[in-house]
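*Asks:* Mind looking at a prediction? Sequence and model below.
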Amino acid sequence: MVSVSGTLPGEPTSFVGRRQAVAEVKRLMSASRLVTLTGAGGVGKSRLALRVARDVRRTFPQGAWLIELAKLQDPSLLYHALFEALELRNRSTRALDAVLIEYLADKRLLLVLDNCEHLLDACSELVSRLLPAAPGVRFLVTSRQSLGVAGEHVWPVPSLSVPDVTSTNNNGELTVNAPRQGSQYESLTLFEKRATAVLPGFELSGDNEIAVTRLCQRLDGLPLAIELAAVQMRVLSVEEIVARLEDRYRLLTSGNRGALPRHQTLRAAVEWSFDLCSEQERVLWARLSVFAGGFDLEAAESVCADEGMNAQDVFTGVAGLVQKSVLTREKGIGSPARYRMLETIRQFGHERLVDNGKELIVRRQHRDHYFRFAEQLYAGCFGPDQKPWSQRLRLDRPNLWRALDFCLTEPGESRAAIRMAAALWYYWIACGCLRDGRYWLGRALAKHTQPDRDRAWALCINGYIAGLQGDIAQSIVLLDESCALARQSGDERVLAHATQFLGMTFLLKGDLATATTMWDRPLAEHRALDELNCLTGIAYMHRSLAAACLGDLDSATDILRECQKFCAAHGEQWVMSWTLWAISFARLLDGDLSEARARIREALGIMQNLDDLLGQPACLDVAAVISASEGDVTQFARLLGASDAMWRPIGNPRFGFYAFNELYAECETRARRSLGDSAFDAAYEQGAQLTIRRAVGEALGEKTEPSTTVSAPAASAEPSLTRRERETAMLVAKGMSNKGIAEQLVISPRTVECHVEHILVKLGFNTRTQIATWVRQKF
């Protein structure tokens, strides 16, 4: 039997999750003699280090030794701490460092230096000396900041896994669905185990899973915060705890009395990090708390710099806060780099900002930055840079919401609110956020009632969105008022756009006679003003649709060619995609199905690249009708199901006008007659279960299965799954998400997605539920 020495304490509570983290740290330790686990206070660095040390200590003949440094305040006593932990005695007059180096020179052991952040220089010096002098010694370090020693491998400890955010409401607040398998998420499992300890019989269930998910999301999956919240189950329900999280530092105070003082309350854990920061870093921490979600360096410099802190100071401060694990750099974002604060850390900074009387000043600077961003969007979204603009808009959505909310709640800011909400029109429409647009524009219009140009423009955009949502009556009301105000103020540009959108609304309504009278003047006005933007291009597309619906396909084609030239001259992609969509529709009406399909695939490819959530289902609608016209009624039903599933979250029954809706109705009648209601509904449901990517793939011709029949796969089929595909299928059957499977198998989520796609193809399935059923039957 191997005799294992060392000083690793037992685990006071069960160790939850972290399987992938343990494996990764052990892998790093096999390649590097110095591994440092970094992360925010309470993220679980010490527990992870001790679990890893306990797993690997048998590989060290002289064992694994814990040197707990949290209570050590004097750096000069560091060597004394090691002597005590290693149970050594120095009875000679020689210096402690010399004795320690001599002792460790021929040893093979692991030293776990826990909580080094307040003794950073001393620990760095110690490790730098021992690494070359004691080649058999390895170090596993925990610290909120890395040591900065040559050969150090830093591994940031992540929060526990939390169910993905499924959506946000109009206020930008999280809304979640109960996960099917709460136990697959480490944060939920931790809460359940700790809550059971204080409230026997508690367990995750359909009744409480949404509330527990909200709780863990609000606490960022931070183990310390979750454990402190679980203690409150003695007196509060989960829902009550969630409701009180706005004052989390008062709530989360009843920690384990045997724990370190800074781990007994949430405030103490964060204050420890605050005390380690320089004065300038503390000020910056407070100012950065105004951001919602992530931010980049340019935004930080714009919002936080002032007379006492220039842009270079902000950069230095951001770097320091990243090093101290107050900020984390977001993964997978690319350039520019983006940073984020855990909500618990952000709230602490916000308290400091309020205490020093700077909240209003910094929030206004935050609003000013994103107001400028929104105004720049009007010109920036036109042309070849649309994709990066769309990406920035999605990344900064929470900050845009916070800036809008400031305008609407701070006295005297209503004009800024209405201008900003209208300036974001490209985001509302091209990014498929119609509901959000109606919400913010509605609030802004209710606040800013002055009959001026700003109100006219906001009414114009809100009326356009209402029409796209199918709210025809309200669209006409809003656009009529916009036209009246534009005439009153003499604003020809707003009048041209409002008239143009009225024409579109009457087209959607089916009133072609009225619609066709409304486009010639706006188009002439746009040419006279030499206005170059997306909305000008869209005017051409609207006019062509009216011509097509009237049967004047030659005029429609001429208008669309002019629009194509307009787009090509300016590198404009979004309008080009809708122009191709309109060309496809015109060719469909003309019976040229081959050309119609080619153009809709071209349009869909651009929309997929731009992630146009409104355009993609609109293209699926046209592709579905083309399939039905070609006789593939099953494919029609599948694409119909996929399209409807994509329209619902946008807040739209379906973007269509009377001529197109008539075609749709005819195709559905023909498909149901051909397939029968049961088979049609089955195909429709299969389509509704497709991911957006897969649905678009089918529409682009990337079929994964024959669409002529709708039936379950043969029970006798014996598909040949690879070993990794079988492993993936087993985890799918357990209800795990792609992200969870990736963590389990230590592969990328993209690789998991490919495995799942291959499994679906090989088994002839369309949903993960079918995979789960197959696994249960087979294994």
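*Replies:* Perfect, I can see it now. Please read all numbers here as calculations on a predicted model, not as lab measurements.
*Asks:* what's the spacing between Y684 and S643?
*Replies:* 10 Å (C-beta to C-beta, to the nearest Å). The way it works is simple: take the backbone N, C-alpha and C, and place the C-beta from them, glycine included.
*Asks:* Run through the helices of the stretch 651-779 of the chain in chain order.
*Replies:* 658-675, 677-688, 692-699, 723-733, 738-745, 749-763, 768-778 (DSSP state H, counting those that start in this stretch).
*Asks:* List the buried residues in the third one.
*Replies:* So the one you mean is helix 692-699. By neighbour count with 16 or more other C-beta atoms under 10 Å, helix 692-699 contains the buried residues 692, 694-699.
*Asks:* cool, the first one as well?
*Replies:* If you call a residue buried by 16+ other C-beta under 10 Å, then helix 658-675 has these buried ones: 659-660, 663-664, 667-668, 671-672, 675.
*Asks:* Nearest to A229, out of the helices of the stretch 651-779 of the chain?
*Replies:* Nearest to A229, of all the helices of the stretch 651-779 of the chain, is helix 738-745, at 22.5 Å by C-beta to C-beta.
*Asks:* Any buried residues in the closest one, and which?
*Replies:* Neighbour-count burial for helix 738-745, counted by 16+ other C-beta under 10 Å, picks out 738, 740-745.
*Asks:* Next, the angle helix 723-733 makes with that helix.
*Replies:* Orientation check (axes from the mean of the first three to the mean of the last three C-alpha atoms, to 10 degrees): helix 738-745 against helix 723-733 gives 130 degrees.
*Asks:* what angle sits between helix 738-745 and helix 749-763?
*Replies:* Using the same axes, to 10 degrees: helix 738-745 against helix 749-763 is 100 degrees.
*Asks:* I'd like the numbering to begin with 728 instead of 1 from here.
*Replies:* OK, 728 is where the count begins now, so the last one is helix 1465-1472.
*Asks:* So what touches helix 1465-1472?
*Replies:* 746-747, 888, 891, 911-912, 1451, 1454-1455, 1458-1459, 1463, 1475-1476, 1478-1480, 1483 (C-beta atoms under 8 Å, 6 or more residues apart in numbering).
*Asks:* now swap in stretch 1222-1235 and tell me
*Replies:* 1183, 1186-1187, 1190-1191, 1194, 1197, 1199, 1202-1203, 1206-1207, 1209-1210, 1213-1214, 1239, 1241-1246, 1248-1250, 1252-1253, 1256, 1262, 1265-1266, 1269-1270, 1272-1273, 1276, 1383-1385.
*Asks:* Which of those residues are buried? Put it as a PyMOL command.
*Replies:* In PyMOL, this line selects whichever of the contacts of stretch 1222-1235 come out buried by 16+ other C-beta under 10 Å:
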select buried, resi 1183+1186+1187+1190+1191+1194+1197+1199+1202+1203+1206+1209+1210+1213+1239+1242+1243+1245+1246+1249+1250+1252+1253+1262+1265+1266+1269+1270+1272+1273+1276+1383+1384
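*Asks:* Am I right that R961 is in contact with A924?
*Replies:* No - between R961 and A924 there is no contact under C-beta atoms under 8 Å: 10.2 Å.
*Asks:* what about the two, which has more around it?
*Replies:* Legend: neighbour count by other C-beta atoms under 10 Å for R961 and A924, higher for A924 (15 against 10).
*Asks:* what's the one helix or strand that one maps to packed up against?
*Replies:* Element membership for A924 (DSSP states H and E) is helix 913-925. For helix 913-925, the packing partners by 3 or more C-beta pairs under 8 Å, 6 or more residues apart in numbering; DSSP states H and E come out as helix 936-945, helix 950-958.
*Asks:* Hmm, L1341 and W1301 touching each other?
*Replies:* No - taking C-beta under 8 Å as the definition, W1301 is not a contact partner of L1341, at 10.4 Å.
*Asks:* Which residues are in contact with each of the two?
*Replies:* Contacts common to W1301 and L1341, judged by C-beta under 8 Å, 6+ apart, are A1157.
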